[in-house]
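**Student:** the amino acid sequence is not available; the structure is as follows:
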């Protein structure tokens, strides 16, 4: 047997306060195996998979979208602290009114014709990324009475290996809705602050956009023996 | 050592943002006999899960791992969402077996990740495209042990069309699929 796993920062599958987990979380224990050599390799995205403007979610329409413009910067690292270069990061989010341009979003809030809320970026050779967007709005949901999701941006990460694949959400500092959000609260306490961006004004654009910083960490490519 | 970023659900609103045109047609550099892996994803009540993201990653027919792209999309990778019946379909090639670092043989298989509203973490597993009698030495088959549970990961050729492999995935309850953690 290998070393003990470090403290798990990931949420459990079953978290009854988040109702949708009750019928979707597996009841049986997961089977622990080493990633196969296939899973320590991963899909390779062509350089021009990402268009130049796709990291700027505000440049899509014919004029600027409504809302508080923001620049988000950060790095994608592995658990050894090494940058993960040339990795695909996909983002999607609600508009400033808390509305997604998605057919199943029934929140009675306006769409913004100048905001689609989707973008993607490849990390550079040092694992850095930069995204320009507007701060998403909070929105109500049916999970529990008076439920509101805190403002968040969805992230989909590929890393450089299939075993590094991660989908998560980034939240904003000081948001009182974090305390009542079962999706955020499903994360063990030790992991919660890892999902909250830091205000970093100098990464913004003077007089135009607020700056935030958020680093993401995927498991190491040598993560092979982890807990196996 | 930095801590890993915690996982969160993909939520219900990903479709337009994460789906690729022809994302269910898996590309490979060479030619190979095309097959389709298809089936439905069900919840603990047996109801179809109509808002799952279903992703696949696999070796080519000779067991080599894809390491490039066709100029537009990566080789070897598939991505679709389930439809209102919970159905997914991935058109691809039949993967070959491959060897692990310790000399162990991995049977023909496709690595699968399922994301959905209500899944706070991805569900990872591997689906086998070979009869259950021929996969017993596979590392995952050995780790599972129990044949009945292993059966939940075996895709079966359609009796009318052997190029169609059928695999239903039950996330919870009776005939619950085996899911893995690395």
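**Tutor:** Looks like it came in fine. Remember, predicted model here, so these are calculated numbers, not experimental data.
**Student:** what residue in chain A comes nearest to chain B?
**Tutor:** residue A:20 (2.9 Å; CB to the nearest CB). Where you see a C-beta, it was placed from the backbone N, CA and C, and this is true even at glycine.
**Student:** wasn't that residue part of a helix?
**Tutor:** Yes: counting by DSSP: H, G, I helix; E, B strand; the rest coil, residue A:20 is found in a helix.
**Student:** tell me who's in contact with it.
**Tutor:** Counting by CB atoms under 8 Å, 6 or more residues apart in numbering or on different chains, residue A:20 touches A:143, B:9, B:117, B:118.
**Student:** need the buried ones from those selected in PyMOL.
**Tutor:** This is the PyMOL syntax for the buried subset of these, where burial follows 16 or more other CB atoms under 10 Å in any protein chain shown:
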select buried, chain B and resi 9+117+118
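**Student:** the residue of chain A closest to chain B and residue B:6, how far apart?
**Tutor:** Separation of residue A:20 from residue B:6 (CB to CB, to the nearest Å): 18 Å.
**Student:** ok, the residue most central in space within chain B - contacts?
**Tutor:** With distances taken as CA atoms, centre = their mean, the residue of chain B nearest its centroid is residue B:112 (2.8 Å). Applying CB under 8 Å, 6+ apart to residue B:112 gives the contacts B:54, B:55, B:56, B:124, B:125, B:126, B:127, B:169.
**Student:** now for chain B, the helix or strand with the poorest mean pLDDT.
**Tutor:** helix B:15-18 (a mean of 84; mean pLDDT, DSSP states H and E).
**Student:** that one near chain A anywhere?
**Tutor:** Yes: using CB under 8 Å from any CB of the partner chain, helix B:15-18 comes into contact with chain A via B:15, B:16, B:17, B:18.
**Student:** contacting residues for the third one?
**Tutor:** Which is residue B:17. Residues near residue B:17 by CB under 8 Å, 6+ apart: A:90, A:92, A:117, A:118, A:154.
**Student:** pull the number of nearby residues for the residue nearest to residue B:138 when sequence neighbours are not counted.
**Tutor:** Spatial nearest neighbour of residue B:138, excluding adjacent residues (CB to CB, 6 or more residues apart in numbering or on different chains): residue B:107 at 4.2 Å. Residues lying near residue B:107 (other CB atoms under 10 Å in any protein chain shown) number 23.
**Student:** from chain A, how far out is residue B:107?
**Tutor:** Between residue B:107 and chain A the computed distance is 11 Å (CB to the nearest CB, to the nearest Å).
**Student:** just the pLDDT for that residue.
**Tutor:** As predicted, residue B:107 sits at a pLDDT of 98.
**Student:** from what I see, it and residue B:97 are in contact.
**Tutor:** Yes: at 5.5 Å, residue B:107 and residue B:97 qualify as touching, with contact defined as CB atoms under 8 Å.
**Student:** and residue B:134, how many neighbours?
**Tutor:** Applying other CB under 10 Å, we find 14 residues neighbouring residue B:134.
**Student:** not counting sequence-adjacent ones, nearest residue to it?
**Tutor:** Here the residue nearest residue B:134, using CB to CB, 6+ apart, is residue B:107, at 6.6 Å.
**Student:** re the thing from before, and the furthest pair within the contacts of residue A:20?
**Tutor:** Greatest spatial distance in the contacts of residue A:20: A:143 and B:9, 11.4 Å, computed using CB to CB.
**Student:** does anything pack onto the longest strand along chain A? Which helices or strands?
**Tutor:** Longest strand of chain A, by residue count under DSSP state E: strand A:69-78. Applying 3 or more CB pairs under 8 Å, 6 or more residues apart in numbering or on different chains; DSSP states H and E, we find strand A:69-78 packed against strand A:128-134, strand A:210-213, strand A:216-218.
**Student:** strand partners of the last one, parallel vs antiparallel please.
**Tutor:** According to DSSP bridges, the neighbouring strands of strand A:216-218, each with its direction, are strand A:69-78 (parallel).
**Student:** quick one: mean pLDDT over the partner strand.
**Tutor:** Across strand A:69-78, the average pLDDT comes to 98.
**Student:** for residue A:29, grab the count of nearby residues.
**Tutor:** Residue A:29 is flanked by 9 other residues according to other CB under 10 Å.
**Student:** give the contact list for it.
**Tutor:** No contacts exist for residue A:29 under CB under 8 Å, 6+ apart.
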